[in-house]
Structure formats: structure tokens, C-alpha cells
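[1] Sequence first, then the predicted structure, then my questions.
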Amino acid sequence: MSNRIAVVPGSFDPPTLGHLDVIRRAAALYDQLHVLVVHNPAKQAMLPIAQRLTLLEESIRESEIAGDVVVAAWSMGLLVDYATDVGAGVLVKGIRSQVDVAYETPMAIVNRHLAHVETVFLLPDPSHALVSSSLVRQVASLGGDVSPFVPAPVARFLDTGAGDI
């Protein structure tokens, strides 16, 4: 049996409970899972990539997500280049709504064309379906309590003021 390797890409700015839900379920489906923090030039980042990596690693560890999970960053080149470099044949994306499907479908088709990398969409747990990193950033920037929406390490980080926007 060959290793089944998948990549869960995202900006993770900041990581949310929805992200962890997708990571947990994907880790159960694949032999190795790469959680990849990618730079999105179309988005204004709240946290530097190094901080997102640390928060993801802490969140995955504290959530006791089982499996071979690698946390990494990628900021140059195509996402499928990273996937092929690590031997991954699958990208896993969390899909919250039809808007996400419309956004992700063309990219999935192009990724399959470019590198024969398939995309698997995972639907969210209903308790996380309406929460996005953008919403968390907005609530945090206005001093609201984001702890119901983010893993404990992220809530602690934002609560200390270190994550002030």
C-alpha cells in the first residue's frame, strides 16, 4: 500500500475551530497530512506567518489530533508545487457554503490539470459552518470574545493583547 499524503492549505489567520475540525477529519483519512500556511496576497494578514505556524502547532497538539501531521508554510510558487514536492496527491479544503464551492471549484480543476492533484471538499461540522477567520479578526479587532470560535492557544494569544490589530 502506498502512502496517502494530503495537504490542507489555508491562510489560518487566525486558526479557528472549523480549521481544526477539518484537520482532525483529514488526518483520519490520510497517512500523512500537511497543514500548509499559505500567503494570500489578496488578504491583509493580522498575524505573521511564523505566529500562525506556532498557533497551529500548539492547537493541533492541545487538541490531541491523531496521525502524522506536518505544519509548514509556503509563500512562493504554486500550491500544487508544494503538493508534488511532498508526494501529496490530494488537497483538502473545508467548504462552508455555496460561495466557497464557487470559489474553490475553478482552482480544483486547474490544480488537477496542472499536476494531477485532486481536491477533496469536506463539509463543516454545523457548529463551525458560519465562522471564518475574517469574522474572528473583525470580532477580535473590536474587543469581542473570540474564545467560542478559536482553539485555546489562539484565544490565549489574542487575549494577551499580543494579537491586537
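    Thanks, I have it.
[2] so Phe107 sits right up against Phe121, yeah?
    For the record, residue 107 is Met, not Phe. No: assessed by C-beta atoms under 8 Å, Met107 is found out of contact with Phe121, at 11.4 Å. Placement of C-beta: from N, CA and C, glycine included.
[3] Just give the number of residues close to Val38.
    Look at Val38: counted by other C-beta atoms under 10 Å, it has 16 neighbours.
[4] need the helices for the protein, in chain order.
    17-29, 49-62, 79-85, 98-115, 133-141, 152-159 (DSSP state H).
[5] Now tabulate those in a markdown table and tack on mean pLDDT, distance to His39 and mean neighbour count.
    Formatted as a markdown table, these follow (pLDDT from 0 to 100; distance: least, C-beta to C-beta, whole Å; neighbours: other C-beta atoms under 10 Å):
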| stretch | mean pLDDT | distance to His39 | mean neighbour count |
| --- | --- | --- | --- |
| helix 17-29 | 97 | 17 | 20 |
| helix 49-62 | 97 | 7 | 19 |
| helix 79-85 | 96 | 11 | 18 |
| helix 98-115 | 96 | 16 | 13 |
| helix 133-141 | 93 | 14 | 18 |
| helix 152-159 | 94 | 19 | 19 |
